[in-house]
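K.L.:
Build me a structure from this.
(3 chains)
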Amino acid sequence: MASDENVLLQDLTPIRIVAFLCNWCSYAGADLAGVSRLSYPANVVTIRVMCSGTVSPYHVLKAFQSGADGVLITGCHIGDCHYLKGNYMTYKRFQVIQGLLQFVGIEPERFRLEWISASEGEKFAETVRDFTEEVGKLGESPLADEREAAKSREALMRRF
Amino acid sequence: MQAESKKGKGKSKKAKVESPIGAREKPEPKRSRVTGAAIVVGGGIGGVQASLDLVEMGYKVYLLESSPSLGGVMGQLDKTFPTNDCSMCILSPKLVEAGSSENIEILTLTDVLSITGKPGDFKARVRIRPRYVDVEKCTGCGICSENCRVKVKDPYNANLTRVPLIRVPFPQAVPLSAFIDPSKCLFLLKGKCGNCKEVCAAGAVNFNDKERIEEIRAGSVIIASGLKTFDARKRGEYGYGIYPNVITSLEFERILCASGPTQGRVIRRNDGKHVKKIGFIQCVGSRDKVIGNSYCSSVCCMYSTKEAIIAKEHSPEIEPTIFYIDTRACSKGFEEYTERAKEFHGIRYIRCLPSFAKEVAPSGNILLRYIDEGANIKEEEFDLLVLSVGLEAGTGEIAKSTGVELDQHGFVSSPPENPVSTSRPGIYACGVALSPKDIPETVAQASASAGMASLVMKEARGKLMKRKEYPPEREISPEPRIGVVVCHCGTNIGGVVNVKEVVEFAKDLPGVVFSDERIYACSQDAQEWIRDMIGKHDLNRVVVASCTPRTHQPLFRETLKSAGLNKYLFEMANIREHCSWVHMNSPEEATEKAKTLVRMAVAKASLLVPLAEGSSPVVHSALVIGGGVAGMVAALKLAETGYQVYLLEGQDSLGGKARHVRKTIEGMDVSEFIEKTITRVMSHPRIEIFLGARLKEIDGYIGSFRSTIEVGERVEEIEHGVVIVATGAEEYVPRKGEYLFGLDERVITQTEFERRIWCEPETLRNVRRVAMIQCVGSRSEEHPYCSRICCSVAVKNSLAFLELNPDADVSICYKDVRTYGLKEDYYFEAREKGVNFIRFNEEYPPSVGKIGEKIELKVNDANLSAPSHKYRLHSIADPSTQERSAPSEYNRSTRWSRALQERRLDALGTIPHLWNGTLSAEEIKLEPDLVVLSCGTVANPSAQEIAQMLKVPLDSNGFFLEAHVKLKPVDFATDGIFVAGLAHYPKTISESIDQANAAASRAETILSKEEVITEGTVAFIDEEICTGCGQCVSLCSFGAITFDEEKRVAVVNPSLCKGCGTCSSACYSGASRMLGFTPEQLYSQIEAAFLSV
Amino acid sequence: MSVKEEAKNLLGKGMDGVLFYQMKDGSAIPHLFTSKDIDEMPDVREIPDSERYPLSDILSKLLMRFSSAKFGIVARGCDERAIIELEKHQQIDTSRVSLIGFACSPELAKICSCSKPYTESLADEMNEAQEISRGIESVERMSTPARLGFWLSNFSVCVKCMGCRNICPLCFCKECSLQDEDLVESGVLPPSIPTFHLLRAIDMAGRCVMCGLCEEACPAGIPLRTLYGKVSEIVREELGYVPGTRGVKSPLEELGSSVGSDDDLKS
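P.N.:
Purely as a prediction, here's the structure:
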């Protein structure tokens, strides 16, 4: 019953996800998913970065603040990083951000890190499908209300 | 018949064949003239690649094409296997590059009449047929076509459509210009009409154009004449040309293509019916002695699998069935691709070739009769029958005019030691001109032949080169004036995404002053159009919404450059791979997403700034890792071209795995070749060899690497501009007890068998019965790929062994016989000589046991499958009745001569167990004296370490993964690093030599330059903001950031920076900025992702 | 020996000044004592618990301003940890610093939930203090929505005075992410919720020495010590790093993995 409601909720407010893809492995993997015509939900938009290590915690916070219901970072497998160890940084930062999100009451499931290689088109599609489903179950970001409130506060302040 | 097959060994005369590599290392002193230009005959992918490489090496190229446009057969393909890349998408950038190169003179409608002269100084007489349209003036607008009164069949669409006889050959044609097909032109024939000339505003139509004969001087010639497909009418039993629903695979390719006659819909052309059941018949015009093409065409198994998959993707209700003899899925990713076709896409494979097709009235369906795997005779109707036509050499004319010798199949004959050379020194060949092959092998040979040509012309390098001039970079206002181009990509994008809606949406985005659509944004005319739009609308930033920036960004950046815009003022939105292709079933959502992606790209574009490129010097030397065939050949090639080479080998001697090979299947003496090559390598003054050495550390980047090599106690540092990885592979070692291996000395590997045949033949004197088992350590769970060469090795050793013991029996237990290409002739020979081929199914692999002292090999002959054994035995027992009881729809393998059947009978006769009282189904028991295991090739375990050091990827099987499986077969994604030989995938020695020469050529494109240009997208540290905390210094993997003690700030060295951005994302104060991916740019993208539409 | 005597010794050994507090009108104010006024240096017990300043930050600025001078500092445990962390960030050259350590009162240690209210030099004499993290625990006991509610309501009273940042000994950037208009909208109160506070929390990861000055400085009473304490806990547990300890740098500022094998990361 509960899951049915979730599905319904999902239909009403489609969730929105931003995925950061490293140029060398994961973007190529996502390209391969395209080339292989592996379909996945359309509510994910991709941002290409050179290395998953380019993604700073600020970007993650910015995404949640801008309205993301989920944030996905994908990078080369450990050991495959085109820049040697950029993805180690990604992993360490990921741990801190996820712990912090959980502590302030944002479901950690909304933030995911996956290693996807250039040959893993299927894994990319599957990751997106799975992540969308998981975030879909959680529904809209709990910050959505806060964003609305902020807008009205802003409007109020602008008036003065 | 006998005599003919004897001749059919591919051992053609090699009268004056050039010695392996660089026969011209010492130019004759009396040669006075060397021309720094090459003639490339053929404008398909092979010719284009060879031309591009030659230009990068510093030579002018005359690219001759007999049709009106470059592109060749690859340009007609819809997709390429095994990645299903859009063929035109990956080819088009290369065509555009060739078309826009200052140093490639493209001569279309041109044939070679004769070539005289000698290496370094050839004179070619060429005939240029009239085009009747001035290429310089024509804009490709198409108005002439609209006003043309005569329509002719369109060869680009495999003659499936009719087009005006004045037309641009196809949308991505290079040169992008119309031409007149004179055969039916009313004006040219009767002086009537002339509409086209009247409507052409550019004044490009010229009815007075005349055939011209010209003379071209060139230092070398490369034949890349490509292929023609087999004329399916010659196999009349399939009714091609009679039944409308029997078509060739190339015609089907066009039908699948979005730009084809049915816009990619799989429908029948005579009645428009949607096709549900498609039958593919393999080997039409291949492996067929009767029609004269005894060879295997190498590519048909894969392309029909591809076409079946694509058809199913177009409409899932399509049920493709492929009728075949053996699946020849024997290259990188092919086996996995075929398995996926079976398992995931549900493509049906039936191992039987129906030998005739019949049209069923009134449906027009095609009836096939065949025998299924259970040996039941079946009749089945198909909506469409696709004949997988083989490849033939299109070399007749060029052989006459150049005087190069051909083999008995009509392919240019070449020595296995240097497969791209021909019988005429200074003239080289590549691609299908030499033998049937796929695109990556063609591309590798194209690069290899370019390198060979360079060796002939090296004295004149750079002499005839023109430099590309770009207009000065214009000053741009900070206020963005963004132009947006949305690409239809035929129907790849436009078929799903509502492009018009996206174009309109983009017009309202902040900063956008221009937005429009193109069918193919990557075509040459689109580049010119973009240039015009930049000028007309004073654009200072450009966004193209099309495909992946990974392949197409360079093309568009080049266009910006030529329009006087800094190339970094460009941004792409990937609305194909990341949108239309993955949201095919929800066009509305796809359109919304495309808008969002465009908005994000525009948001980022408005914050882009011009970036400066740097340059760094090139060290003119190479490091070659691995001293096997590939490594040595590459090293020699580079050394002979004039560069210092450091050759690193882990073992204590050179030669690698090839030292275990005596002869190739073609009869090349490998031992002699290796000895000679080692001597040449060792005595070459420009090669420094490190034996027993290990690469300890490597540092640097394209043009300037620094490596630490450990040789025992000694540690050496070397500097080099490029790296070639040729680390080879290993033979799979069977587990102890696998087929009794290691437990019984009569169970050996092919390598050992070959050694005994050549070195200890006396040990085989008493061996009467040999059983070989294929796919040991290949196509298994552990090693899912096909090792490509084992079938040929088994055939080669069988033949050699039968030379020793002509009366012996050889049985080969196999899954599929994969003697691809010209090696098929040897398979045929083996069958003729009585080698018994027993096919087994994966589920029932052979088993080897011991009964007393005897070895017993049991195998379930899949061709003698259960329900029909009586029938089968009957047919074997009396071959003369076979024709009657099982008419010709019997598996084509039985087409092999009566003699073969008899031999088989004899063979069975020597195996008494088969004829035991119960005739227990299909199990065959052999009592071999020797069991030979055809062991696969497995990746070199050291590859992992080297891959990590070089930061290059491995595939899932542990082989090195090239930058692009089709068009960059020897390049890595990381510039300046190349791969060759077994390190890349199992392959023959000749193929390794080709790849090694190709890698050397690609390396030469760098080494022949004085400097390489470094990217503008590097980190930058603002010293006003930097607090000097130093964390970026320790975060940089490449030592690109140093600390300025005086200013107490961090400083980036742009030529060391690889642009990963790890420093920038760690900098709290934002002092470190990754140019092209600055925080503001990424924030703007993120923000734009979530604005409501 | 009292700290004053120790300070005198340092001045006698060529130090140009000793940084500590001066008492003025009953309040403690940071002051650089030189040989002229060293006798006025108060005893550590005279400094009220509630009056602390980021002495390490002041020391850093002094060292930068007087590039050849040497300074002593009378430091608490947290001051010392900040100095160590600042040294790792090349903001303090400790070869020009001599440290006189003292221990905080047990009351202050309790208020600060401080696990190490003393300097290294006194470690042997002190009892191992217990980590008190009641704040973190009580938040963690809440349900996820309640946690969010708790923090949002706390953040919503923020007046963006920047006190937390200004007082922080580890905030030494010239440009601050909290003032980046792409991240935090300017001219709006409360500042972007929860981004503003999470940004700072992220910046504190691997740096925060748990001095608690931010929470003391916060006019809105936001439990920052709890927030940053949690971040420090994650860094300690996941990455094995405690800021303010001598030796290695924060794994967030070094390449490679500090904890676990590559195989752990691969899964």
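
K.L.:
Identify the residues contacting the closest residue in space to residue B:363 that isn't next to it in sequence.
P.N.:
Nearest non-adjacent residue to residue B:363, counting by C-beta to C-beta, 6 or more residues apart in numbering or on different chains: residue B:381, 7.5 Å away. No exception for glycine: its C-beta is placed from N, CA and C like everyone else's. Applying C-beta atoms under 8 Å, 6 or more residues apart in numbering or on different chains, we find residue B:381 in contact with B:277, B:360, B:363, B:365, B:366, B:367, B:368.

K.L.:
run the last query once more with 7 Å
P.N.:
By C-beta atoms under 7 Å, 6 or more residues apart in numbering or on different chains, the contact list for residue B:381 reads B:360, B:365, B:366, B:367.

K.L.:
Out of these, which end up buried?
P.N.:
B:365, B:366, B:367 (16 or more other C-beta atoms under 10 Å in any protein chain shown).

K.L.:
what bridges to the second one?
P.N.:
Per DSSP bridges, the residues bridged to residue B:366 are residue B:359, residue B:382.

K.L.:
so which strand or helix has the residue of the stretch 101-250 of chain B found nearest chain A?
P.N.:
Nearest residue of the stretch 101-250 of chain B to chain A: residue B:172, at 18.7 Å (C-beta to the nearest C-beta). Under the criterion DSSP states H and E, no helix or strand holds residue B:172.

K.L.:
how long is stretch B:407-420 from one end to the other?
P.N.:
From its first residue to its last, stretch B:407-420 covers 14 Å (C-alpha to C-alpha, to the nearest Å).

K.L.:
Quick check: the gap between the residue nearest to residue B:363 and residue B:279.
P.N.:
Applying C-beta to C-beta, to the nearest Å, the value for residue B:381 to residue B:279 is 9 Å.

K.L.:
follow-up on the earlier one: okay if I get the buried ones among the contacts of residue B:381 as a markdown table plus pLDDT?
P.N.:
Shown next, in a markdown table, are the buried ones among the contacts of residue B:381 (pLDDT from 0 to 100):
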| residue | pLDDT |
| --- | --- |
| B:365 | 96 |
| B:366 | 96 |
| B:367 | 96 |
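
K.L.:
Where do the strands of the chain begin and end?
P.N.:
Answering for chain A, as no chain was given. A:17-22, A:44-49, A:70-75, A:111-115 (DSSP state E).

K.L.:
actually chain C
P.N.:
Going by DSSP E, chain C shows strands at C:17-24, C:27-33, C:71-75, C:97-101.

K.L.:
Identify the residues contacting the first one?
P.N.:
Strand C:17-24 is touched from outside by C:7, C:10-11, C:28-34, C:40-42, C:46-47, C:55, C:58-59, C:62, C:71-74, with contacts defined as C-beta under 7 Å, 6+ apart.

K.L.:
filter the residues you listed to the buried ones?
P.N.:
C:7, C:10-11, C:28, C:30-33, C:41-42, C:47, C:55, C:58-59, C:62, C:71-74.

K.L.:
got any ranges where chain A has weak pLDDT?
P.N.:
Along chain A, the parts satisfying pLDDT under 70 run over A:1-13, A:79-80, A:157-160.

K.L.:
one more time with 50, if that's ok
P.N.:
Across chain A, the ranges flagged by pLDDT under 50 are A:1-10, A:12.

K.L.:
Can you pull the residues of it lying near chain C?
P.N.:
By C-beta under 7 Å from any C-beta of the partner chain, the part of chain A that sits against chain C consists of A:57-58, A:61-62, A:65, A:77-79, A:85, A:88, A:91-93, A:95-97, A:99-100, A:103-107, A:142, A:146, A:150, A:153-154, A:157.

K.L.:
which element is residue B:602 on?
P.N.:
In the assignment (DSSP H and E), residue B:602 maps to helix B:587-605.

K.L.:
Tell me which residues of that helix come out buried.
P.N.:
Across helix B:587-605, burial judged by 16+ other C-beta under 10 Å covers B:589-605.

K.L.:
Ok, stretch C:178-198 next?
P.N.:
Buried residues in stretch C:178-198, defined by neighbour count with 16+ other C-beta under 10 Å: C:178, C:180, C:182-185, C:190-198.

K.L.:
Could you tell me the end-to-end distance of it?
P.N.:
Terminal residues of stretch C:178-198 lie 10 Å apart, using C-alpha to C-alpha.

K.L.:
Can you report how many residues lie near the closest residue to residue B:409 other than its chain neighbours?
P.N.:
Nearest residue to residue B:409 in three dimensions, chain neighbours excluded: residue B:295, at 5.7 Å (C-beta to C-beta, 6+ apart). Burial of residue B:295 is recorded as 29 neighbouring residues (other C-beta atoms under 10 Å in any protein chain shown).

K.L.:
wait, isn't residue B:295 in contact with residue B:410?
P.N.:
No. Counting by C-beta atoms under 7 Å, residue B:295 sits too far from residue B:410 to count as a contact (10.1 Å).

K.L.:
Name all residues that make contact with residue B:337.
P.N.:
Taking C-beta under 7 Å, 6+ apart, we find residue B:337 in contact with B:81, B:82, B:305, B:329.

K.L.:
Of the residues you listed, which is the nearest to chain A?
P.N.:
Using C-beta to the nearest C-beta, residue B:82 is the member of the contacts of residue B:337 that lies nearest chain A, at 10.3 Å.
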